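> What would the 3D arrangement of this be:
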Amino acid sequence: MVDATAKSKLYIGTTAAADDLIGFEADTYTEIKDIEDLGEIGEEAAQLTFVPVGGRGVHKKGATTGKVVNLVVGRNPTDPGQQALRAAAQSHLDYNFKLTLNNAAPPSVPSTFYFRGLTFPAATALGNAEAMIKDTHPIAINSEIIELEPGNVPALPTSLVLTPTDITIDVAFTGAVGVTSHQARYRQGAGEWTTWATIVTGGDITGLAPDTEYEVQVRGVNASGHGPAASDTVTTEA
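Alright, predicted model coming up:
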C-alpha cells in the first residue's frame with residue numbers, strides 16, 4: 001500500500017552511540033514540530049564515467065554516502081525540537097534521529113526509521129509580507145538507516161515476579177507469543193533508569209545495594225519493535 005507523508009513525525013535524539021536497534025531505542029528523543037517538508041532519506045553513490053580513447057565509455061559507481069535531508073520547518077523559536085536542532089548545528093558530532101510514518105493504528109506500530117546525522121546551521125527564508133518565515137536545516141546522514149516495517153509489537157509480559165537477595169534480584173515473567181527477546185531495566189527509587197539489556201526469565205540483576213528499593217521493568221521485542229513494559233518494585237534484603 002502506498003503511504004502519505006501527512007502526520008509523519010521526526011524526532012531528534014542525543015549524541016549517544018547507536019549502531020543497532022537497541023542502541024537507537026535506548027536514546028531519548030524530542031519531536032520536531034511545525035515541519036513543512038521532510039526532504040529525502042536514503043543513500044547515493046557518486047557516478048563515475050571513464051571514456052578511453054578509441055573505445056566505448058563506461059559508467060561506474062563511486063563511494064556511497066548518506067543523503068542530506070533538507071528539513072523545512074515553520075520557524076518556531078519556542079519549540080523544543082527546533083531548539084535541539086539549532087543546538088546540534090553548533091556541534092561537530094552526529095545526533096540520533098527517529099522518523100515515524102502515519103501508516104498503522106494502535107496497537108500496531110508504524111514504519112520507523114533510525115539514523116545518525118550531522119546537523120548544519122539553518123538558512124532562514126523571510127520572503128515577502130505574505131510569506132511565513134521558514135528555516136531549512138540540512139542534516140547529513142552518516143550511518144546506515146535502520147527501518148522497521150509496520151506490524152504488531154509484543155504484548156505486555158505477564159506474571160512478573162521479583163525475588164531479591166541482598167545484592168541481586170531474580171526476574172521471572174511470562175512472555176507473549178512471537179517475541180524474539182526480552183529486555184529489562186531498573187532504577188533505584190526514583191533515580192535514573194539503566195539502559196535496556198537482554199534478559200531471560202529467571203535471570204538475575206546483579207551488583208545491587210542491600211536494603212534498597214528498586215523498580216524493574218520488562219518488555220518484549222520483535223521485528224516490529226518493543227511492546228509495553230511490565231513494572232514492579234522490590235526491596236533487596238539487608
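
> Find the helix or strand that the residue lying farthest from the centre of the chain is a member of.
Distance from the C-alpha centroid of the chain peaks at residue 54, with 52.6 Å (C-alpha atoms, centre = their mean). Using DSSP states H and E, residue 54 falls within no helix or strand.

> what residues are up against it?
Contacts of residue 54 were listed using C-beta atoms under 8 Å, 6 or more residues apart in numbering, and none were found. Where you see a C-beta, it was placed from the backbone N, CA and C, and this is true even at glycine.

> now residue 46
So residue 46 contacts 61-63, 65 (C-beta under 8 Å, 6+ apart).

> ranking those by neighbours, who comes first?
residue 65 (13 neighbours; other C-beta atoms under 10 Å).

> Next secondary structure element downstream of the helix or strand of the chain with the lowest mean pLDDT?
Using mean pLDDT, DSSP states H and E, strand 108-109 stands out as the lowest-scoring helix or strand of the chain, at a mean of 68. Helices and strands here follow DSSP H and E; after strand 108-109, the next one along the chain is strand 112-119.

> returning to that earlier point: pLDDT value on the residue farthest from the centre of the chain, please?
With respect to pLDDT, residue 54 scores 88.

> Going by neighbour count, which residues in the helix ranked longest in the chain are buried?
Counting residues, the longest helix in the chain under DSSP state H turns out to be helix 80-88. For helix 80-88, burial by neighbour count (16 or more other C-beta atoms under 10 Å) applies to 81-82, 84-85, 88.

> Closest one of those to residue 136?
Nearest to residue 136 among the buried residues of helix 80-88 is residue 85, at 10.9 Å by C-beta to C-beta.

> Quick one: residues contacting the closest one.
When contacts are counted by C-beta under 8 Å, 6+ apart, residue 85 touches 12, 32, 71, 119, 122, 137.

> how about the longest helix of the chain as PDB, C-alpha atoms only?
Below are the C-alpha coordinates for helix 80-88, written out as PDB (Å, rounded to 0.1, in the frame of the first residue of the first chain):
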ATOM      1  CA  PRO A  80      12.000  22.200  22.000                       C
ATOM      2  CA  GLY A  81      12.700  20.100  18.900                       C
ATOM      3  CA  GLN A  82      13.800  23.100  16.800                       C
ATOM      4  CA  GLN A  83      15.800  24.300  19.800                       C
ATOM      5  CA  ALA A  84      17.600  21.000  19.800                       C
ATOM      6  CA  LEU A  85      18.200  21.200  16.100                       C
ATOM      7  CA  ARG A  86      19.800  24.600  16.400                       C
ATOM      8  CA  ALA A  87      22.000  23.400  19.300                       C
ATOM      9  CA  ALA A  88      23.000  20.300  17.300                       C
END
